[in-house]
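> Show me the folded form of this:
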Amino acid sequence: MVNVKTDKGLICVSSGVYTNIAGMAASNCFGVKGMAVRSMTDGLVHLLRREAMSKGVRVDFRPDGRIDIDLHIIVDHGVNLRAVADSIISEVRYVVQKTTETEVHQVNVYIDSMVVG
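Below is the predicted model:
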């Protein structure tokens, strides 16, 4: 959780807010099929529905007030993986910083699977 002190009081932003914002920003990038989660029971990667996409995102809060974001994604077959990852990193950093005014230290993209169609 990030706490921001203002002259009018304290603003507390929970990790759920950051995971939702980052998941939406990543999902809107070209070539991204959706967010991914690895099943603990069978070890397979599953595509998350839109309402559960935050499960494919992890946010770590640094002592200096910045955050690190890990994204697990599934991409469309045939896309340039580096270009998609660079686009996600840029978009997620921009949207999270613009929306929350919290500095993003790093965004890590993990491409867990690729799907056709």
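> how about the helices in this structure?
In the chain, the helices defined using DSSP state H lie at 15-27, 81-100.
> Which of those has the lowest mean pLDDT?
Ranked by mean pLDDT, the helices of the chain end with helix 15-27 at the bottom, a mean of 93.
> Can you list the buried residues in it?
Judged by neighbour count (16 or more other C-beta atoms under 10 Å), helix 15-27 contains these buried residues: 15, 17-19, 21-27. (C-beta placed from N, C-alpha, C; glycine too.)
> Find the nearest non-adjacent residue to Ala85, please.
Val109 (4.4 Å; C-beta to C-beta, 6 or more residues apart in numbering).
> thought the one you found was touching Ile89?
Yes. Assessed by C-beta atoms under 8 Å, Val109 is found in contact with Ile89 at 6.2 Å.
> Just want the most central residue of the chain.
Most central in the chain under C-alpha atoms, centre = their mean is Ala22, positioned 3.7 Å from the mean C-alpha point.
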